Each structure stands twice: as structure tokens, then as C-alpha cells.
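# how would this look folded up:
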Amino acid sequence: MRLFILYSNIEKRIEIKNNPISKLTGENYLLWGADYYSEKGIEVFDNLSEKYLLNKREKQINQKITNCWTKLGGYGGDWVTIWKARKELNKVDVVFSAADRLGIPLMFFMLLGLIKRKRVVYQSIGLPERIEKLTTMIMKSLYIKAYSKIDTLFCYGYYEKEYLQEWIGKQVKVELVPLGLDCNCYVPQKEVINYDIISVGADPMRDYELLFLYAKKNKDLKIKMIISSELYATFKEIPENIDISIDIDFEAIKEFFNKSKIVVLPVKENNYSAATTTLLIGMALGKAVVVANTSAIKDGYKLSDGTNCLLYLPGDYNSFSSKVDDVLKDDILRISIESNSRDLSVNHLNKESYCRTIFSFINAN
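Numbers count the residues shown, from 1 in each chain. Okay, the predicted model is just below:
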């Protein structure tokens, strides 16, 4: 069997693919199990090569297509990359679309016959938000028609699954697949604790105002944040007891996790983002994690408040501060959650389980 995986953010992923150390650090989770499928005898191809890096002219062409598509009521994507990959895509048996930015043009190229009909496994990461931006009935109908050609549509959040199943109807079954990490790469280490709290992440749904307020009211605590330079530039005032690192490498992030007492992940209520990857890293490293109980993680991850994590009401400072206080002040509770979080990662939220599930989609008759 020949499989083509379509990735987004390919510069970063090219670096990961070509770096053998990434398999040891666990950062290769961003390749969505490609090594696993190869080991199972599948011939794997992808767009992780320099020929798929768009030059200035190609970016301009893609933007013009996107602008036209938007005016017609649609939501854009990376049309030029799919066009460049069409010959390779026509040679394979299965396409695994790992990003909506590529999946949207892929499905329309197939609908138009520019790419031969073949088995498609589609990973949704925020597709409902893109569907909501469709502005005409004709375009909404076209999207349903195009996406009805998908063989397996899966996502990582409970609400997203419910939304997509109602949208696409019975013609395509939508699956909820918990993300999993290689727990051999994320092993709890006994380090000197330098920070009371660590918080990592830069997506727009993070609710760092809650953490800032908590820091101001608890000036004796040492708090570590790891974010992007873009997010850092948006902050107006940072509490003095928060130490921020920007754009650091993956191994350094893991080291900071091990040197922190607990992990705190403030997230705004939304339907697709729950700081899931950071949550799983913290749990795999045997940390007690405080995280918002958003719609994205209400099912599928076997999270249990007070047992393997602490869940607070999104946007509610009292709920947030109460959960953080509980785990910081109660060592017995913290140690129990640390043990249970690691057990959940090893036995359920692991790379083997994740890859086995995706492989069953790819290899289905």
C-alpha cells in the first residue's frame, strides 16, 4: 500500500523528519505516526521536501486564489501545494490529510476530478470554525458534497466530533481519537524544583489573564511561562514573579516541566483547543495538571477531576484559583494525581494506541 501524508507548517516538520534525535525526544509526534505506518509495511510519501516550499510567486498565486474563493463564500487553503503534489497524489492508494489547510483544496480537487478518487483519511483540527465562515448556501452545499467523499474523518475534541457528525450526516462516520505520545520519551525525572507552576503554550485560546491575576495575588510563588515571541508582544503588564522564556527548544521545555511542581493550563471556553498536547506532555511526565474543562476534552481522554488531573470552569477565576490552591497546598493530593496522570498516559494516552487507531483507518477495506 502507498500512503501520502499531507502536512502543514512543513519547514518545522522537515527539520523534525531529518533529525533522528526527534524520535528520541518525542517531538516527532508532529509527524502523526509516519514511522509507525512504515514499520507496518506501508510505503509512506509526504510533502516534507524543499520542492513543496512555496516561493514568492507561488504564495502570491495562492493568495489570489484564496481571495477569489473567499469572495465566492468559501474558506481558503493551500491550493498551490495540492496542485504541485497532484501527480504524486494520483499514484498512491490512500491520502492522509493532516491539516485542514491542505485538506480543503484536496477534497475540491477530487470533486473536480483533478485528483483521482482514492481513500482519504482526514484529520480535522478546527474544521468547524472554518465551516462557520462559509457565507453562501451554494458554498455550504459544495463543502458537504466534497467532504462526503472522505472515507474516515477524525478529530481530537468531543464537541468537534459532535458538530462534524451533525454537519456531514450519516454518509461519513466521524471518529474521536485521543492524541497519544511516546511515553518512553516522556519519563518523569527527579529534578530540583525551581518553580511552583509552569504554563506552556501560545495558541490564541490561552487565558493567561487568569494566571496573571493569580500571580499578582500570590507573589510568593515562582511561575514559569514558555510562549512564542508573537504572544509575548501582546502582553501589557507581566507580574514580577513570572519568568518567561520565548521560543525555546523542545528538550529545554521538558526540562522546565521536570523542574516545576505543577502544570497550569488556562484556556478560554472554545470547541477545539484544550491545550491538549501540553496537557498530555505534563501527564506523561507525571505532573499534576490544572486545565480548563472545555468542550474539547469532555470525552475520550478519560480525565477525572481530582484523580488524574484538576479541571476548572473556563473563565471562572474562583474555580481556577481554588484548583491551583488545592494541588499546591495538598502534597498528598498532588502526589496521587502525579501517579494517576502518568498511569493514564502509559495505559491509554500513548503513541501506540493513537497510531494503531489511525493505521486501522488507513488500512481499512
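# K91 - how many residues pack around it?
Neighbourhood size, K91 [other Cβ atoms under 10 Å]: 12. C-betas here are computed from N, CA, C, even on glycine.
# typo on my end, it should be D330
Using other Cβ under 10 Å, D330 is surrounded by 13 other residues.
# now swap in the one 10 residues further on and tell me
Close neighbours of N340, defined as other Cβ under 10 Å, add up to 18.
# ditto for S339
14.
# same question, D247
D247, neighbours per other Cβ under 10 Å, totals 11.
# Strands along the chain, start to end?
2-6, 43-46, 94-97, 119-124, 152-155, 174-176, 195-200, 223-227, 242-246, 260-265, 288-292, 310-312 (DSSP state E).
# right, so of those strands, which gets closest to S319?
Nearest to S319 among the strands of the chain is strand 310-312; the distance by Cβ to Cβ comes to 4.2 Å.
# helices and strands of this protein: which one has the lowest mean pLDDT?
One helix or strand of the chain scores below all others by mean pLDDT, DSSP states H and E: helix 21-25, with a mean of 81.
# List the buried residues in it.
Buried positions in helix 21-25, judged by neighbour count with 16 or more other Cβ atoms under 10 Å: S22, K23, T25.
# if I look at T70, how far off is S304?
In this view, T70 and S304 are 43 Å apart by Cβ to Cβ, to the nearest Å.
# Give me the pLDDT for Q63.
On the pLDDT scale, Q63 is placed at 97.
# how many neighbours does it have?
Q63 has 13 nearby residues by other Cβ under 10 Å.
# Tell me how far it lies from V174.
For Q63, the distance to V174 - Cβ to Cβ - is 31 Å.
# still on that earlier bit, need the buried residues of helix 21-25 in CSV (columns: distance to Y37).
What follows is the buried residues of helix 21-25, written out as CSV (distance: Cβ to Cβ, whole Å):
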residue, distance to Y37
S22, 17
K23, 14
T25, 20
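# and the strands of the chain as a markdown table, adding distance to I281?
What follows is the strands of the chain, written out as a markdown table (distance: least, Cβ to Cβ, whole Å):
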| stretch | distance to I281 |
| --- | --- |
| strand 2-6 | 23 |
| strand 43-46 | 24 |
| strand 94-97 | 23 |
| strand 119-124 | 19 |
| strand 152-155 | 20 |
| strand 174-176 | 20 |
| strand 195-200 | 8 |
| strand 223-227 | 11 |
| strand 242-246 | 15 |
| strand 260-265 | 8 |
| strand 288-292 | 9 |
| strand 310-312 | 16 |
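# highest average neighbour count across these?
strand 288-292 (a mean of 27; mean count of other Cβ atoms under 10 Å).
# now K59: how far from V92?
26 Å.
# circling back: any idea which of the buried residues of helix 21-25 is the one closest to I144?
S22 (37.8 Å).
# List the contacts of the closest one.
I16, N28 (Cβ atoms under 8 Å, 6 or more residues apart in numbering).
# same check, this time on the one 4 residues further on
By Cβ under 8 Å, 6+ apart, the contact set of G26 is L181, D182, C185, Y186, F250, K254.
# Okay, the nearest residue to the third one once chain neighbours are set aside and N350: tell me how far apart.
Among residues not flanking C185 along the chain, G26 sits closest, at 3.1 Å (Cβ to Cβ, 6 or more residues apart in numbering). Taking Cβ to Cβ as the measure, G26 falls 11 Å from N350.
# Now for those two: what residues contact both?
Shared contacts of G26 and N350, counting by Cβ under 8 Å, 6+ apart, come down to L181, D182.
# could you list every residue that touches K64?
Counting by Cβ under 8 Å, 6+ apart, K64 has no contacts.
# right, I mislabeled it, should have said N350
Counted by Cβ under 8 Å, 6+ apart, N350 has contacts G180, L181, D182, C183.
# Could you tell me which residues make contact with the residue sitting nearest the centre point of the chain?
For the chain, the residue sitting closest to the mean C-alpha position, by Cα atoms, centre = their mean, is T277 at 6.0 Å. Residues counted as contacts of T277 (Cβ under 8 Å, 6+ apart) are Y29, L179.
# Now do the same for it: its pLDDT.
91.
# The closest residue to E27 other than its chain neighbours - how many residues pack around it?
Leaving aside its chain neighbours, E27 sits nearest to F250 (4.6 Å; criterion: Cβ to Cβ, 6+ apart). For F250, the neighbour count with other Cβ under 10 Å is 16.
# can you check the one 5 residues further on too?
Burial of E255 is recorded as 14 neighbouring residues (other Cβ under 10 Å).
# Now it. Nearest residue, chain neighbours left out?
Closest to E255 by Cβ to Cβ, 6+ apart is E191, at 7.6 Å.
# A284 too?
Y186 (3.6 Å).
# Contacts only, for the spatially closest residue to L344 that is not a sequence neighbour.
Distances taken as Cβ to Cβ, 6+ apart place N308 nearest to L344, at 4.9 Å, with adjacent residues excluded. With contact taken as Cβ under 8 Å, 6+ apart, N308 is in contact with M283, K302, I337, N340, S341, D343, L344.
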